[in-house]
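Colleague: no sequence on hand, only this structure:
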């Protein structure tokens, strides 16, 4: 018996519906093997689609640290904008305090338009937790 399933959505985000686990063996022996299939280039310069340009603006009153694929990708001072060349479906994250802190906002580069804009907006406090107002770079606030 074999099972094949996708663990990410078409835009590269983790598909929470793919989370799974294994049951313990009660009697007999269990064999298992994994093979990972990548839909696109995985190693070297990751190019997941066509080239795009992205402008990122920090609307916060504090410095934002940008990461891509877990790697530091720049520091953006308050009120500043920077541009970069990227590819479709690349995901960027915004962090406060350092690149190592938990991200409070994300942006996934889409197929259209070729020139894209991510405005990093303020977070609001919900209980003891910071909740991002904007996770996808869109114009509407995230509903709680």
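Modeller: On my side now, so go ahead. The structure displayed is predicted, hence computed values, not measured ones. Residues are numbered from 1 along each chain as shown.
Colleague: ok, residue 93 - contacts?
Modeller: Neighbouring residues of residue 93 by CB atoms under 8 Å, 6 or more residues apart in numbering: 66, 67, 68, 103, 105, 106, 107. Using the backbone N, CA and C atoms, a C-beta is placed for each residue, glycine as well.
Colleague: same deal with residue 61?
Modeller: So residue 61 contacts residue 78 (CB under 8 Å, 6+ apart).
Colleague: ok so, going back, closest one of the contacts of residue 93 to residue 7?
Modeller: Of all the contacts of residue 93, residue 7 sits closest to residue 106, with 17.2 Å by CB to CB.
Colleague: out of the contacts of residue 93, which are inside strands?
Modeller: 66, 67, 68, 103, 105, 106, 107 (DSSP state E).
Colleague: picking that back up, next, give me the two most distant ones among the contacts of residue 93.
Modeller: Longest distance between any two of these is 13.3 Å, between 68 and 105; criterion CB to CB.
Colleague: of those two, who's got more company?
Modeller: In this view residue 68 and residue 105 are compared by other CB atoms under 10 Å, and residue 105 has more residues nearby, 25 against 17.
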